[in-house]
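Colleague: Model the structure of this input:
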Amino acid sequence: WQLKQHQRRCTTCIDVNRDLQLKAAPKDVSTENHAQTEPSSCYVDDEGAECWICLGEGPDDLGQPLRRDCSCRGEAAGFAHLSCIVEYAEQKSQQMNRGEIDQKSHRLNMVDLNNFREPWEKCANCHQNHQNELAVDLATGFVTFVEGKYPDNIPIRLESLVLKLEAIQSMIAHLKPKQKQEAKNVACQVLFMIGQMESKTRPLPKRILLAEAVTYSILGRIVLAERTKETAQEAMVCFEKCRDANKRIGNPNGVALADTYIAIAKSRREGGVNKVNIEEMVEKIRIVYDQRVEKLGGDVPMTLAAGLDLARALEKANRMLEAERLMTKLLAICRRVQGPDHALTKKAETHLKGWKVRYVNVQFQHQWFLFEALRYEEDYKKLVIKGPISTTMQRYKNAKKEEILTVDTSDTQPASDTFVVCHGLEGARQHCNGKIGQMIQDDSGRYEVHFEDKDLKPCNVKHANLHIIFELPKHE
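Modeller: Sure, this is the predicted structure:
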């Protein structure tokens with residue numbers, strides 16, 4: 001196979017010794033119990049890419065393309081056929097039969113269960129989790145494999161179902177109605193099985209209680225995403241049960257996360273989010289993020305996901321300076337550790353791109369309109385703008401589409417949420433010169449600068465004494 005005289009590795013050497021290849025796998029390889037789905041967005045038809053398992057450069061025998069959705073990088077690394085990954089994972093999991101699974105009691109300890117599910121969850125090359133549709137497809141294959149191989153082993157069956165739930169909920173923002181219903185059915189199946197175990201075994205093992213907590217959390221998030229007052233109440237019940245399960249196993253991180261979602265669900269049930277709700281939410285998510293940084297490290301996916309949640313909560317609290325700094329830090333970590341194509345990286349990029357747009361109000365014919373500020377010219381005397389971007393500008397008949405214009409800076413005023421730095425202040429406010437702040441419009445319509453330095457009180461500053469900051473400097 002190293003000379004490419006054979007198309008596939010034989011099944012006995014895939015996970016035993018990658019330097020051996022004695023014969024090609026037969027063309028009619030059975031795919032029974034393998035997860036087969038339509039190609040997802042992670043497939044590739046590049047001529048340079050090849051399956052790292054069978055070394056095939058094109059679709060497999062069933063016409064399924066090469067796929068990759070992990071943290072592998074480069075034009076050729078990490079690609080594989082779904083059928084090959086499933087076959088590889090099956091062999092790895094079946095190795096657990098050799099003394100690690102007690103066939104009489106059907107028990108596995110936590111470490112063994114982690115090893116048992118790992119081939120279905122993580123890429124064997126970059127050792128990071130599979131994502132999106134590929135993760136769902138592999139989790140489905142895991143469920144099928146377990147149901148066929150270990151139909152009476154409840155802990156292993158629960159493990160496979162929970163993995164599928166986790167894979168589905170990672171796509172929660174893009175779930176179709178059919179996928180949501182499938183996730184609810186899987187969650188109900190998990191909770192039913194746990195209920196059956198509880199009637200026979202008390203106390204339940206910690207791993208089972210953890211599965212219960214995760215299931216209630218995922219079910220609550222899926223229901224909460226429907227964004228109605230009724231589903232918010234239903235989600236609250238799920239998160240409260242999740243919190244109770246985490247308390248029973250002594251998991252403070254899980255309790256804090258459940259409290260966060262309870263606060264979110266409560267605010268939606270009450271028809272909105274007020275200032276108190278938002279600040280409470282920020283602090284609860286910060287606790288989760290800080291705990292994960294301390295226990296797991298700052299560059300693992302779970303920590304990065306909590307960091308993204310914190311940054312978005314800061315955005316909702318209108319603390320944009322803190323939000324942008326945190327998101328900038330997280331994006332750098334995501335790019336370095338997870339790679340440019342990872343879902344977390346793309347998510348951070350999308351949010352940060354929108355946040356870094358700076359806005360100004362520009363006066364035309366005695367009216368103010370909203371534009372995007374691009375840069376200063378002529379020593380801050382001129383400002384290059386793009387717009388109009390406000391729908392109200394449709395009343396301005398001479399502007400039918402966005403244009404790039406250069407205007408006098410004196411005719412502009414930084415809009416709400418834009419970052420500014422003070423200059424040219426004299427007297428009692430001279431100490432504010434060089435200080436960074438965020439423009440905030442209060443209920444009366446007045447603009448104030450809320451400084452990043454918390455020792456400085458918000459104040460009203462003339463726009464002639466403000467410069468827009470297009471790129472935040474690093475903290476001193």
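Colleague: All the helices of the stretch 151-300 of the chain, residue numbers only.
Modeller: 154-169, 177-200, 206-224, 229-248, 252-269, 275-296 (DSSP state H, counting those that start in this stretch).
Colleague: Tell me what angle the shortest one forms with helix 177-200.
Modeller: So the one you mean is helix 154-169. Counting by axes from the mean of the first three to the mean of the last three Cα atoms, to 10 degrees, helix 154-169 lies at 150 degrees to helix 177-200.
Colleague: I'd like the average pLDDT over helix 154-169.
Modeller: Average pLDDT, helix 154-169: 92.
Colleague: For that helix, C-alpha coordinates in CSV please.
Modeller: Output of helix 154-169 as CSV, limited to C-alpha atoms (Å, rounded to 0.1, in the frame of the first residue of the first chain):
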residue,chain,number,x,y,z
ILE,A,154,-27.2,-0.3,29.9
PRO,A,155,-24.2,1.8,30.9
ILE,A,156,-22.7,1.4,27.4
ARG,A,157,-26.0,2.1,25.7
LEU,A,158,-26.4,5.2,27.7
GLU,A,159,-22.9,6.3,26.8
SER,A,160,-23.6,6.1,23.1
LEU,A,161,-27.0,7.9,23.4
VAL,A,162,-25.5,10.7,25.4
LEU,A,163,-22.7,11.1,22.9
LYS,A,164,-25.3,11.5,20.1
LEU,A,165,-27.2,14.1,22.2
GLU,A,166,-24.0,16.0,22.7
ALA,A,167,-23.2,15.9,19.0
ILE,A,168,-26.7,17.1,18.1
GLN,A,169,-26.7,20.0,20.6
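Colleague: tell me how far that helix is from the chain's mean position?
Modeller: Centre-to-centre, helix 154-169 and its host chain are 19 Å apart (Cα atoms, centre = their mean, to the nearest Å).
Colleague: for the residue nearest to residue 212 when sequence neighbours are not counted, what are its contacts?
Modeller: For residue 212, ignoring the flanking residues on the chain, the nearest one in space by Cβ to Cβ, 6 or more residues apart in numbering is residue 245 at 4.7 Å. Any C-beta I mention is one placed from the backbone N, CA and C, and that applies to glycine too. Under the criterion of Cβ atoms under 8 Å, 6 or more residues apart in numbering, the contact list for residue 245 reads 209-210, 212-213, 216, 254.
Colleague: Next one: residue 245, what pLDDT does it get?
Modeller: Model confidence at residue 245, given as pLDDT, is 93.
Colleague: And for residue 393?
Modeller: The per-residue pLDDT reported for residue 393 equals 42.
Colleague: correct me, but residue 215 touches residue 189?
Modeller: No - at 9.5 Å, residue 215 and residue 189 do not qualify as touching, with contact defined as Cβ atoms under 8 Å.
Colleague: okay, the two: which has more neighbours?
Modeller: When neighbours are counted by other Cβ atoms under 10 Å, residue 215 comes out ahead of the other of residue 215 and residue 189, with 26 against 16.
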